[in-house]
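In: generate coordinates for the sequence data below:
(chains A, B and C)
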Amino acid sequence: MSNLIAHWNYFLVIALMMIGFYAVIARGNMVKKMVGLTIFQTSVFMLYISMGKVANGTAPILTGDATTLYANPLPHVLILTAIVVGVATTAVGYALIIRVYESYGTIEDDELIKIIEAEDNAEAHDA
Amino acid sequence: MSGFFVNAALISLLTLIAFLAVRLHRLFAVVMLSGAFSLVAATLFVVLDAVDVAFTEAAVGAGISTILALATLSLVPVNEKTHGFAIVPAFLAFATAAMLAVAVADLPAFGDVNAPIHNHVAPDYLQGSAEDIAIPNVVTSVLASYRGFDTLGETVVVFTAAIAVLLVLGGWTRRKQDGEDDNAR
Amino acid sequence: MQDDVVIRVIAKVMIPAVMLFALYVQFHGDYGPGGGFQAGVVFAAAFVLNAMIFGLNRGRHAWPAHLNLLAICGGVLLYGLTGVASMLLGANYLDYDVLGATPQSGQHNGILLVEFGVGLTVASVMVALFFTFAGRLTHIRLMAKMQAQEDAAQKKTKRKTKRTKKRAGK
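Out: Numbering: from 1, shown residues only, chains lettered A, B, ... in the order given. A predicted model of the protein is given here:
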């Protein structure tokens, strides 16, 4: 039970993660999937930053005072990189969504699969 | 104790925003909710003492990501097909959450100052930033100096994303060559 | 949107302020929260605001396309060449100690250069992404117009060949 209380932050963030995860795998609309992916990514960042927090600490900007406790700067650096990489993949994802819509006329998964299967059947018929 | 309430309030707000973003069908509202999610997440990062990360998350998540999503929405249909509640994905999400919870229970307590993560390289970085590099912002000194190679890789990733988007959407066409079909998209 | 007086005036006041703030964040990233990535994104936000309020054409004039590509590559090059400069001065790749009179000033110089490279790349990438996404509709219409012109030209040549064939057959 004490474990539950000591780790409450992590459990809440895992719940957030799963909402984003559900959006990615359960929804067929591609833009909804991208938004779910964004939610999932941001929740993972929150998990890592929570690991770096030090009780009674402050932001890792040195003040010259020898007695201050600082939060761990290493997770911050890693998550900074992760945020930028996340936006890079998001941008490429949206570009691909636009191209898929222009080529097939839909951004819903199931409709897309039907169109591609119909095209494959037409090709097999012609061949 | 006040830290607990602020954290809990912010994470509850985040859960509400995420839940609504999954439920709504109007994609415009969903995109704006994702921008709000990033902004509240940035506030949470400030509460967790990660000011650089909060700045980046606010600028990138609530700024650029929302703009790109809105630009996409101007080119694709703005309403999602209605969906019911999907059992198998929900079960998968629940199973993953259970596994993660079991794994996370092994971590040191939240905010523990004696956790192994705080005794590994972090004290060296904090000390080195004061003496060898003489820069107050430890995150910048670690990002640019101690972990400079990672930042070089990250910059190249941003560059590659730009090249990829320009290739996919940039509108460059192949020049017509003699005897060859014009393949201008 | 530039017909609205309030938006136009506020944008004209805010855009230089946003750019100045971005430069502040860039070069004071050593002493407070900030650095290359944040500054790059905020700087791009000023140009995106300009394009949103005053139109894509004026936005593109403010940040030309060829300059955009140069800036994207220039930032990464600046980062890489800082490392090469360290090597030319005798140390390892990206070892900033040798870039100044003392190791501390060398580190400071190295971090400034490197963060500026990062900021330049990130700003130009964000602006390029916005203009690529926002200009897609114009591109589609342009392609459709060119296709329609080609079809009309082809129809004309087909009719001409039909007419000459008919005359030859007569």
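In: residues in contact with the residue nearest to the spatial centre of chain C?
Out: For chain C, the residue nearest the mean C-alpha position is C:S124 (3.2 Å; C-alpha atoms, centre = their mean). For C:S124, the contact set (C-beta atoms under 8 Å, 6 or more residues apart in numbering or on different chains) comprises B:162, C:44, C:63, C:68, C:71-72, C:75. C-beta here means a position set from N, CA and C on the backbone, and glycine is covered the same way.
In: and it, backbone torsions?
Out: Main-chain torsions, C:S124, degrees, to the nearest 10: phi -70, psi -30.
In: got phi/psi on B:V139?
Out: Here is the backbone geometry of B:V139 (degrees, to the nearest 10): phi -60, psi -40.
In: what sits closest to it if chain neighbours are left out?
Out: In space, and not counting its chain neighbours, B:V139 is closest to B:D52: 4.5 Å by C-beta to C-beta, 6 or more residues apart in numbering or on different chains.
In: average pLDDT across the helix or strand where that neighbour lies?
Out: Assigned by DSSP states H and E, B:D52 belongs to helix B:51-59. For helix B:51-59, mean pLDDT rounds to 94.
In: send me whichever helix or strand comes after it as CSV with only the CA atoms.
Out: Downstream of helix B:51-59, the first helix or strand assigned by DSSP H and E is helix B:66-73. Output of helix B:66-73 as CSV, limited to C-alpha atoms (Å, rounded to 0.1, in the frame of the first residue of the first chain):
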residue,chain,number,x,y,z
THR,B,66,-1.3,22.5,-33.5
ILE,B,67,-0.5,24.7,-36.6
LEU,B,68,0.5,21.7,-38.6
ALA,B,69,-2.6,19.8,-37.6
LEU,B,70,-4.8,22.7,-38.5
ALA,B,71,-3.1,23.1,-41.8
THR,B,72,-3.8,19.3,-42.4
LEU,B,73,-7.4,19.8,-41.5
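In: still on that earlier bit, not counting sequence-adjacent ones, nearest residue to the residue nearest to the centre of chain C?
Out: In space, and not counting its chain neighbours, C:S124 is closest to C:A71: 3.7 Å by C-beta to C-beta, 6+ apart.
In: what about the strand or helix carrying that neighbour, average pLDDT?
Out: For C:A71, the host element (DSSP H and E) is helix C:65-88. Average pLDDT, helix C:65-88: 93.
In: mind splitting chain C into its structural domains?
Out: For chain C, automatic domain parsing gives the domain ranges C:5-127, C:135-170.
In: winner for burial among the ones you listed?
Out: Compared across the domains of chain C, domain C:5-127 shows the largest average neighbour count, a mean of 19 (mean count of other C-beta atoms under 10 Å in any protein chain shown).
In: pLDDT score assigned to residue 86?
Out: Since you didn't name a chain, this refers to chain A. 95.
In: meant chain B actually
Out: For B:A86, the model assigns a pLDDT of 81.
In: and the gap between it and B:L92?
Out: Relative to B:L92, B:A86 is positioned 10 Å away (C-beta to C-beta, to the nearest Å).
In: for chain A, which residues are neighbours of chain C?
Out: Proximity of chain A to chain C is confined to A:59, A:61, A:80, A:83-84, A:91, A:94-95, A:98, A:102 under the rule C-beta under 8 Å from any C-beta of the partner chain.
In: which helix runs longest in the chain?
Out: In the absence of a named chain, this looks at chain A. In chain A, with assignment by DSSP state H, the single longest helix is helix A:73-104.
In: please refer instead to chain C.
Out: Longest helix in chain C by number of residues (criterion: DSSP H): helix C:136-169.
In: show me where chain A has its helices.
Out: Assigned by DSSP H, the helices in chain A fall at A:2-6, A:8-26, A:30-52, A:73-104, A:109-126.
In: out of these, which is the most enclosed?
Out: Mean neighbours per residue, mean count of other C-beta under 10 Å, is largest over the helices of chain A for helix A:30-52, with a mean of 24.
In: off-centre distance for that one?
Out: 4 Å (C-alpha atoms, centre = their mean, to the nearest Å).
In: and if you look at stretch B:32-49?
Out: For stretch B:32-49, the distance to the chain centre is 10 Å (C-alpha atoms, centre = their mean).
In: for it, which positions count as buried?
Out: Buried positions in stretch B:32-49, judged by neighbour count with 16 or more other C-beta atoms under 10 Å in any protein chain shown: B:32-46, B:48-49.
In: filter the residues you listed down to the ones near chain A?
Out: By C-beta under 8 Å from any C-beta, the members of those lying near chain A are B:33-34, B:37-38, B:41, B:44-45, B:48-49.
In: show me what the longest helix of chain C is packed against.
Out: Judged by 3 or more C-beta pairs under 8 Å, 6 or more residues apart in numbering or on different chains; DSSP states H and E, helix C:136-169 is in contact with no other helix or strand.
In: verify the assumption that B:D106 is located in a helix.
Out: No. Counting by DSSP: H, G, I helix; E, B strand; the rest coil, B:D106 is not found in a helix; it is coil.
In: what about it, how many neighbours?
Out: Around B:D106 there are 8 other residues, counting by other C-beta atoms under 10 Å in any protein chain shown.
In: and if you look at B:A97?
Out: Residues near B:A97, counting by other C-beta under 10 Å, number 18.
In: can you tell me how far the residue nearest to C:S124 is from B:A21?
Out: C:A71 is 34 Å from B:A21, by C-beta to C-beta.
In: quick one: stretch C:86-105 near chain B?
Out: Yes. Legend: contact between stretch C:86-105 and chain B by C-beta under 8 Å from any C-beta is shown at C:94, C:96, C:103-104.
In: for A:M1, give me the pLDDT.
Out: The model reports A:M1 with a pLDDT of 49.
In: and if you look at B:A8?
Out: pLDDT at B:A8 comes out at 85.
In: got a list of contacts for stretch B:152-171?
Out: A:81, A:84-85, A:88-89, A:91-92, A:95-96, A:98-99, B:172, C:72-73, C:75-76, C:79-80, C:83, C:94, C:117-118, C:121-122, C:124-125, C:128-129, C:132-133, C:135-136, C:139, C:143.
In: just stretch B:81-101 next, same as before
Out: For stretch B:81-101, using C-beta under 8 Å, 6+ apart, the contacting residues are A:11, A:14-15, A:17-19, A:21-22, A:25-29, A:108, B:25.
In: closest one to chain C out of those residues, please.
Out: Taking C-beta to the nearest C-beta as the measure, chain C sits nearest to A:N29 out of the contacts of stretch B:81-101, at 18.4 Å.
In: and the gap between the closest residue to that closest one other than its chain neighbours and chain C?
Out: Counting by C-beta to C-beta, 6+ apart, B:E80 is the residue found nearest to A:N29 once chain neighbours are left out, at 4.2 Å. B:E80 is 20 Å from chain C, where distance means C-beta to the nearest C-beta, to the nearest Å.
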